[in-house]
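> give the three-dimensional model of this entry:
(chains A and B, ligands or ions: 2)
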2 protein chains.
Amino acid sequence: MSRWIQNGDNVDITKERKNATFNTERMSAWIHGGDEVLKRRREILDYVKSNPDFKDPIPVEFLSREERVSNGTRKIVKMTDNTDQIDGADFFGEGMYFQSLVMGRDLHPLSLHYIMFLPTLQGQTDDEQLDEWLPKAIARSIVGTYAQTELGHGTNLSKLETTATYDPSTQEFVLHSPTITAAKWWPGGLGKSSNHAIVVAQLYTKGQCKGPHPFIVQLRDLETHKPMKGVRLGDIGPKLGINGSDNGFLLFDKYRIPRKAMLMRYSKVQPDGTYIAPAHSKLGYGTMVFVRSIMIKDQATQLGAAATIATRYSAVRRQGEPVVGNGEIQILDYQTQQYRVFPQLARAFAFLFAAYEIRDLYLRLTEELTHGNTELLPEIHALSSGLKSVVSWDTAQGIEQCRLSCGGHGYSQASAFPEIYGYAVGGCTYEGENLVMLLQVARYLVKAAEETRKGTSNLAEICGYISKTGRRTSSLTSIANYTTDQIIEDLEHVARKQVFHAYDKLKKAQQHVKPEDAWNQSSVELAKASRWHVRLYLVKTFLKKVDKAPEDLKKVMIHVARLYAFDIISSSSGNFLEEGYMRPDQITEIKEGVYECLAKIRPVAVSLVDSWDYDDLELKSVLGKRDGNVYEALLQWAQNSQLNKSDVIPTFEKYLGPMMKDARSKL
Amino acid sequence: MSRWIQNGDNVDITKERKNATFNTERMSAWIHGGDEVLKRRREILDYVKSNPDFKDPIPVEFLSREERVSNGTRKIVKMTDNTDQIDGADFFGEGMYFQSLVMGRDLHPLSLHYIMFLPTLQGQTDDEQLDEWLPKAIARSIVGTYAQTELGHGTNLSKLETTATYDPSTQEFVLHSPTITAAKWWPGGLGKSSNHAIVVAQLYTKGQCKGPHPFIVQLRDLETHKPMKGVRLGDIGPKLGINGSDNGFLLFDKYRIPRKAMLMRYSKVQPDGTYIAPAHSKLGYGTMVFVRSIMIKDQATQLGAAATIATRYSAVRRQGEPVVGNGEIQILDYQTQQYRVFPQLARAFAFLFAAYEIRDLYLRLTEELTHGNTELLPEIHALSSGLKSVVSWDTAQGIEQCRLSCGGHGYSQASAFPEIYGYAVGGCTYEGENLVMLLQVARYLVKAAEETRKGTSNLAEICGYISKTGRRTSSLTSIANYTTDQIIEDLEHVARKQVFHAYDKLKKAQQHVKPEDAWNQSSVELAKASRWHVRLYLVKTFLKKVDKAPEDLKKVMIHVARLYAFDIISSSSGNFLEEGYMRPDQITEIKEGVYECLAKIRPVAVSLVDSWDYDDLELKSVLGKRDGNVYEALLQWAQNSQLNKSDVIPTFEKYLGPMMKDARSKL
Ligand SMILES: Cc1cc2nc3c(=O)[nH]c(=O)nc-3n(C[C@H](O)[C@H](O)[C@H](O)COP(=O)(O)OP(=O)(O)OC[C@H]3O[C@@H](n4cnc5c(N)ncnc54)[C@H](O)[C@@H]3O)c2cc1C
Ligand SMILES: Cc1cc2nc3c(=O)[nH]c(=O)nc-3n(C[C@H](O)[C@H](O)[C@H](O)COP(=O)(O)OP(=O)(O)OC[C@H]3O[C@@H](n4cnc5c(N)ncnc54)[C@H](O)[C@@H]3O)c2cc1C
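Numbers count the residues shown, from 1 in each chain, chains lettered A, B, ... in the order given. Ligands and ions are numbered 1, 2, ... in the order given. From the prediction side, this is the model:
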């Protein structure tokens, strides 16, 4: 018996585990960053399991929205009572894991308090404000959120409509929502839970608009929790996911707040209304990079969970008898099933390792910034925006592939897939709408292309490939001898080509139409360039990480990393065939490489997903249970259905009974 | 003022409509099959609108599962009270429209009664049984469902575990579920609503198993609605969608039913237990083709709805100021937005027209079958299976693209996207799991390839391309002169190539490994061949339909049809570049063709989606409202939230209040 193999487990899944060609614990440690990290994960898990406060009385999918919000609030208060159990400085590692175990994927009314309210206070207040607000926020004597998006504006912040007009006579700002579209809309925890918010509003002083600025605003009475006079707010209703969060709306009716409610670290309004502009403008970028590293890790974790559920279920599910009389086979043996699931597993790894890298880049960046060195900033900022976009989309797609691979049972909420999808896919939209992000990255790439053409480029490591002179044809001879360097070279070629293709398209269009139209007419190609830029980075990071792995793990992981790369190449073969960079037989070779990787991964698939170290508590999936005893568990899970509270539900008395009786009387 | 333009509408959307270059009513009639059909649609719509019984008191997304099932039951009983309002023989047309208006997308407890229970009675009973059961089912004096899938088996029906053992001493069958995996699982309306079911069970007589057979079984008492003794059943819990349906589970404990409960049109068991095998085996295929035509139309309707919502919202939403100071532009003007939305609109058309064709093929098939001619059967059956698979997957993907194109608001259930997605994506799994379907189609294609190689092929119209000798290079010179025939030729080339590529791979593998392994090792390539087979059909059908359209409509629709084709080619350029069939500059030409089509569609986009003739009642989307006044409507919609019933919800008293108070006392 071991962590993963227990008495009473499904026999198929046990057999899979016994066939592992590597040590799962060693793999887990490598994946998560070392033995010490793995040890801490287990301590946190044990703590959560031992604490009855963290239990869900019944699975959240059976709860109404009120019950979801209530259950989430109960748990998050308990969780934040117990943050001494984790290293508070390590949100990327211990914090996220703790939260994931306790809170699951339905979110909760304090998420914005921690993700945005606190960091904004830390980053945007002057010293006096910091002293006033930070201790309250940390102690949870107030609950805050971050209210930026409005009904009418999310992407284009410069057009936010909420106004904050300075009145020097009382030294107050007057917050007002002049239109319906000015209503704040979406902020997590705004509807019912928060009594404070950072509100982003157009600052008016001395008759002039100074653009959007952040204010700290009290929304509800501390004692009664009733909305303050002049404040109208509520919940925005059910969503595709995260229904444990009371995302809210907020309208102001000439609501007065003191001058010192404006966060004054950078810009200031003096008592007489004089506006003082900020000295630096891009200082917030570092934090954005950090938040993205968290998001990317979170997405990887969701996709990894989906791949774990699908892989385990595919080992347990027997369906179809290729040779009649020989018995049904595990669906994991179908090549089509492997082709559905394993690339998602490969992606999850690629994204996780990229998240680590971005976190490290963030730390380097912070270090450089303290020395006044901002050189790395644009490149890393662009990369992290692009990664956010590519990773969140591929994750969403991957989750659905995993779900579909489980047939009918994947459609049940018992599988957890609907919740995983609803939660993860939100990441395509928040923290910067994906396409808008890709176009931002493209602005950076266009600059890089321009400098390269001019010969003035001085590109750092991530973008260096743009100014490289590559080969004219791929050097791939056979898949067996296809090295990491060759793979990267081939991807660099395609990424570079697409960057210049989009750049040239833009330049050509600029000769005929207005600059904004030229940009627009090239924008699909520009977005494609951004995607290749990011994919190249992901492949490079993954392959290099695996190349450096210990031999016993590398011999397994190499197939996963290559699957990731080969899948990208073979599913975009057009880009590689163009201008004869690759020959069709080389593409065929790579396709065969995909099938080879699938076959190599097949025998170790269950142990590979075990190595991600998900506890059942974290997966929250009946199909993905460690023990593989899914059918009993499905039957048991279904008993929770609200409809099963009684044998005969009221619709019989009210509608079906009379209908049938009436018909019988007439027959 | 017109059907689509009204006083008080959003000005942007009105402007779009005024710019229409074609007559929307004419287009609607063309899309839906003629003036008479359109007239009937409007009559049905008016009837539904005028009948207060069909109103939802509040939008379903705010209801609990009990409330959803209850509301759905209420409406479906009223709806089926009023079937005289429609042409009952025309389910494909009037029936589906009526149901869509009244019931929406949350399904209801009688769906299986009509889709499967009734048709199975019609198709599988002997005359005596038909007389006994059909009138009851039609009169709704009983409610039935179709219980085939079990916890352990959906795809592989031959391994169903429920047994029906004949006992000649009492002339009864004993229904039994020997294991947990034998539990029936998924049937719609089984949990709480049905009192009868067609149960598919392994027939045992005289000690021999005769395979799965259908039985009609009473599950609940007609008066009390309590489960019969020996019958255990209930709801299977919440799902990704269709939560108004009580999909259920069912276990038998030696439950006895009379001999005549076995549906005896084809197979029979005589009183002494003698089994009589059926004469024909594939007679059910015709009905399957019909059901698929319904499904494909339904998918097209959902995707069309998604495209309508996204297009209208994109006309109303202004975000971003390409030239600062010039004001924000409609997001519909962004090429990236067009690229997200318009291909989905194009697909919706392609699928709708394919649905019509399949319905027509079905009618031809039925005609031929009455003359004993089964020649068409395999080809049409394969095509319809493949279409079901490709259409449902592209629909699901397309809906999500539309949703994402609406930014944050797409994530809210107010948009209706979450419901549309949950409803439509189920189609990837039921009525034959998509990949299993593609592999079925592949078996047909392999046979066709084999016969072609042998020179014995006698392929009919749909598969004729497989045995054609095509060109070695594409004849495309410029996109302006790229004709329908050339486009089809190019797609035929790629489809044929993939069919033979997969076939050759299979044959080669058969020389080295066992047949089942050869099949498995080629299965991903085989599934790809099936997809190309279907895509070719879709492109062909769409282009030909448009070529025959009246000139005023054709000049608009041609861009939509070409977008559909060009998008397929350019996003799979590798297949076209291989072996120099196309040159890179030809691919570039096609890509530019995509952008040209987007630009051509842009000015007519709103009128094009109007032509689909969705009423707000059918869309059920705040973002997709005809009048374009989305922001007011969002705010109003949100007021229904369960959380907005009171200003202060109980979580404050219970959790947040004490937490903050405690913290305040310590600060
Ligand atoms: C789950 C969730 C939680 C959220 N939480 C919060 C929160 O706590 N606080 C908060 O303030 N906000 C929150 N938001 C709002 C979120 O930040 C915005 O939805 C997001 O920034 C996207 O903006 P938007 O909704 O205005 O989309 P839009 O900008 O309206 O996007 C719609 C479409 O227009 C396109 N588009 C827009 N501009 C351009 C352009 N310049 N070029 C090309 N195409 C363009 C987009 O690509 C997209 O396809 C949340 C949103 C979600 C979904
Ligand atoms: C919304 C919904 C409603 C439904 N309603 C009903 C109903 O009313 N009545 C009813 O009887 N049933 C119903 N079903 C069940 C449905 O018919 C089955 O789920 C469906 O047939 C798929 O079978 P499965 O679930 O066993 O999937 P599985 O066959 O277990 O599929 C799982 C995976 O295995 C793969 N696989 C399986 N066999 C093969 C093979 N031979 N070769 C390659 N790969 C294979 C599949 O591709 C898939 O990836 C419903 C299902 C859903 C989701």
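
> tell me which residue in the stretch 251-400 of chain A sits closest to ligand 1.
Across the stretch 251-400 of chain A, the shortest distance to ligand 1 (CB to the nearest ligand atom) belongs to A:Ser389, at 10.4 Å. For every residue, glycine as well, the C-beta is placed using N, CA and C.

> that residue against A:Arg535, yeah?
No - taking contacts as CB atoms under 8 Å, A:Ser389 lies outside contact range of A:Arg535: 11.3 Å.

> more neighbours, these two?
Between A:Ser389 and A:Arg535, counted using other CB atoms under 10 Å in any protein chain shown, A:Ser389 has the larger neighbour count: 28 against 22.

> can I assume the more buried one sits in a helix?
Yes - under DSSP: H, G, I helix; E, B strand; the rest coil, A:Ser389 sits within a helix.

> which residues touch A:Asn51?
Shown here is A:Asn51, whose contacts under the criterion CB atoms under 8 Å, 6 or more residues apart in numbering or on different chains are A:78, A:82.

> so what sits against both of A:Ser389 and A:Arg535?
Contact criterion CB under 8 Å, 6+ apart; residues shared by A:Ser389 and A:Arg535: none found.

> which SS state does A:Thr155 fall under?
Using three-state DSSP, the secondary structure recorded for A:Thr155 is coil.

> what of the one 10 residues further on?
Following three-state DSSP, A:Thr165 is assigned to strand.

> wouldn't it be in contact with A:Ala201 here?
No - A:Thr165 is beyond contact range of A:Ala201, at 9.1 Å (criterion: CB under 8 Å).

> between those two, who's got more neighbours?
A:Ala201 (28 against 17).

> would you say the more buried one is within a strand?
Yes - in this structure, A:Ala201 lies within a strand as judged by three-state DSSP.

> how would you label the residue in the stretch 1-150 of chain A that chain B sits nearest to: helix, strand or coil?
For the stretch 1-150 of chain A, the nearest residue to chain B under the criterion CB to the nearest CB is A:Ser141, separated by 3.6 Å. Following three-state DSSP, A:Ser141 is assigned to coil.

> the nearest residue to it once chain neighbours are set aside: neighbouring residues, count only.
The shortest distance from A:Ser141 to any residue other than its chain neighbours is 3.6 Å, reached at B:Ala663 (CB to CB, 6 or more residues apart in numbering or on different chains). In terms of burial, B:Ala663 registers 17 neighbours under the definition other CB under 10 Å.

> and B:Ala663, how far is that from A:Ile142?
Applying CB to CB, to the nearest Å, the value for B:Ala663 to A:Ile142 is 8 Å.

> name the residues contacting each of those two.
Residues touching both B:Ala663 and A:Ile142 (CB under 8 Å, 6+ apart): A:Lys136.

> returning to what we had before: contact partners for the residue of the stretch 1-150 of chain A closest to chain B?
With contacts defined as CB under 8 Å, 6+ apart, the neighbours of A:Ser141 are B:660, B:663-664, B:667.

> got the residues you listed as a markdown table, with pLDDT and secondary structure columns?
Supplementary listing: the contacts of A:Ser141 in a markdown table, determined by pLDDT from 0 to 100; DSSP: H, G, I helix; E, B strand; the rest coil:
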| residue | pLDDT | secondary structure |
| --- | --- | --- |
| B:Met660 | 98 | helix |
| B:Ala663 | 97 | helix |
| B:Arg664 | 96 | helix |
| B:Leu667 | 84 | coil |
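
> of all the residues you listed, which comes closest to ligand 2?
Using CB to the nearest ligand atom, B:Met660 is the member of the contacts of A:Ser141 that sits closest to ligand 2, with 44.4 Å.

> wait, that closest one sits on A:Glu223?
No - counting by CB under 8 Å, B:Met660 stays clear of A:Glu223, with 9.6 Å between them.

> wait, doesn't A:Tyr334 sit right on B:Gln521?
No - here A:Tyr334 lies out of contact with B:Gln521, judged by CB under 8 Å, at a distance of 10.6 Å.

> how about A:His559, nearest residue that isn't a chain neighbour?
The shortest distance from A:His559 to any residue that is not its chain neighbour, by CB to CB, 6+ apart, is 4.1 Å, and that residue is A:Lys600.

> if we can go back for a sec, out of the contacts of A:Ser141, which are buried?
Judged by neighbour count, with 16 or more other CB atoms under 10 Å in any protein chain shown as the criterion, the buried members of the contacts of A:Ser141 are B:660, B:663.

> burial check on the closest residue to A:Val539 other than its chain neighbours, number of neighbours?
Nearest residue to A:Val539, sequence neighbours excluded (CB to CB, 6+ apart): A:Ala565, at 4.9 Å. Around A:Ala565 there are 27 other residues, counting by other CB under 10 Å.
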